[in-house]
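Q: turn this into a model:
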Amino acid sequence: MAAGGFCKLPNGSVVVALNLPSPAADGPAGVRVLVLAQNRARALTRLRNLGLRAVYLRGNAAPPTPDEVTAVLHHPDGLIWRTDPDHGLAAPELVTELWRPIRSLLRRPTPQP
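A: The predicted structure is shown next:
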């Protein structure tokens with residue numbers, strides 16, 4: 001597992017951030033996934049229930065930034081992703097890509113006739 005981390009919010013819930021390889025073969029090299037849940041175990045269970053079976057959080061090497069926490073708090077599903085800024089970008093702090101709902105990442109393309 002690549003970098004990941006978490007932060008505990010004042011209301012007791014946690015935001016877990018994970019850098020994962022893209023589940024789509026033709027997708028980006030890696031993705032940063034944010035999950036809002038009652039605790040770390042439930043956050044990982046949410047991802048596993050979506051089909052990301054080998055998801056583990058070891059340590060707190062890359063906790064979510066304040067901007068990432070704000071993004072996941074304002075999303076109705078509490079589960080978002082975007083391209084991992086550490087993959088191939090010269091200046092990760094200049095990322096302007098928007099956060100997307102997780103279903104757009106896991107959606108299987110329909111075969112074209």
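
Q: now residue 69: closest residue in space that isn't a chain neighbour?
A: residue 15 (5.1 Å; CB to CB, 6 or more residues apart in numbering). Bear in mind the C-beta positions are built from the backbone N, C-alpha and C, glycine included.

Q: ok, and what's touching the helix or strand hosting that neighbour?
A: Taking DSSP states H and E as the definition, residue 15 sits inside strand 14-21. Residues from elsewhere that reach strand 14-21, judged by CB atoms under 8 Å, 6 or more residues apart in numbering: 1-9, 29-40, 43-44, 47, 52, 55, 57, 62-64, 68-69, 72-73, 84, 86.

Q: now residue 71, what's its secondary structure?
A: When classified by DSSP: H, G, I helix; E, B strand; the rest coil, residue 71 comes out as helix.

Q: hmm, back to that, buried subset of the contacts of strand 14-21, written for ChimeraX?
A: To isolate the buried members of the contacts of strand 14-21 in ChimeraX, using 16 or more other CB atoms under 10 Å:
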select :3,4,5,6,30,31,32,33,34,35,36,37,43,44,47,52,55,57,62,63,64,68,69,72,84
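
Q: that older thread, note down every partner strand of the strand holding residue 15 and its orientation.
A: Strand 14-21 has the following strand partners under DSSP bridges: strand 4-8 (antiparallel), strand 30-37 (antiparallel).
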